[in-house]
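1. What shape does this take:
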Amino acid sequence: MAASSDLLVVPAPVGALLSRLPAYPGSLLLVTALNLALARHLPADVGQLMLHKKMRVQVRDARLTFDFAWTGQRFAPQAPLVAPAVADLTLSATAHDFLLLAQRQQDPDTLFFNRRLSMEGDTELGLVVKNALDAIELPVLDPRQWTPRQVLGRLRQRMDSARSAGR
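-> Below is the predicted model of the structure:
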């Protein structure tokens, strides 16, 4: 019988399949979500510290890697980093632990001290980002709010607002 924690991990064959997918489309999807949820809430000092920093999110069990940077206005996907280039900050966890973080069912400190979340690179940057995210009052991630219709509606609203501002 499998332990309950084993049931929360992406199975190895699925991870092997996912690792063969091109990285850039996934990074584009991640930054789209980050821009919709976070970009307008980032404090200016945090944005300045993050400016042009290469950041990476690794989903260990799914064997996925997402590379992105903050441009000063938005998050932008980056081409996958190749050796010897390294990210300024890399956050690694399982898909389930990232979901728990997004749903605010688990805090990053607990995951970090239980070695379920790791941070490599510029730890000052990592702590500033973590503290900024903790300070932002974001709605809890509810997967039901991310249906294609709702996401497209949010994108349409942003495009309409941008058009109105340009008039």
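2. contacting residues around residue 8?
-> If you count contacts by Cβ atoms under 8 Å, 6 or more residues apart in numbering, residue 8 has them with 94, 96. Bear in mind the C-beta positions are built from the backbone N, C-alpha and C, glycine included.
3. Please tell me the pLDDT value assigned to it.
-> On pLDDT, residue 8 comes in at 80.
4. do the same with residue 99
-> 86.
5. chain center to the lowest-mean-pLDDT helix or strand in the chain, what's the gap?
-> Lowest mean confidence among the helices and strands of the chain (mean pLDDT, DSSP states H and E): helix 148-166, at a mean of 75. Helix 148-166 has its C-alpha centroid displaced from the chain centroid by 21 Å (Cα atoms, centre = their mean, to the nearest Å).
6. do the same with stretch 38-51
-> 15 Å.
7. neighbouring contacts of the least confident helix or strand of the chain?
-> For helix 148-166, contacts defined as Cβ under 8 Å, 6+ apart pick out residue 36.
8. which residue sits closest to residue 78, ignoring its sequence neighbours?
-> Closest residue in space to residue 78, ignoring its immediate chain neighbours: residue 67 at 4.2 Å, by Cβ to Cβ, 6 or more residues apart in numbering.
9. separation between the one you found and residue 74?
-> Separation of residue 67 from residue 74 (Cβ to Cβ, to the nearest Å) stands at 15 Å.
10. who has more neighbours, the two?
-> Neighbours were counted for residue 67 and for residue 74 using other Cβ atoms under 10 Å; residue 67 has more, 24 against 16.
11. Please name every helix or strand in contact with the host helix or strand of the more buried one.
-> When elements are assigned from DSSP states H and E, residue 67 belongs to strand 64-70. When contacts are defined as 3 or more Cβ pairs under 8 Å, 6 or more residues apart in numbering; DSSP states H and E, strand 64-70 packs onto helix 23-37, helix 44-50, strand 54-59, strand 75-77.
12. Would you format the ones you listed as JSON lines with mean neighbour count included?
-> Shown next, in JSON lines, are the helices and strands packed on strand 64-70 (neighbours: other Cβ atoms under 10 Å):
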{"stretch": "helix 23-37", "mean neighbour count": "16"}
{"stretch": "helix 44-50", "mean neighbour count": "14"}
{"stretch": "strand 54-59", "mean neighbour count": "20"}
{"stretch": "strand 75-77", "mean neighbour count": "19"}
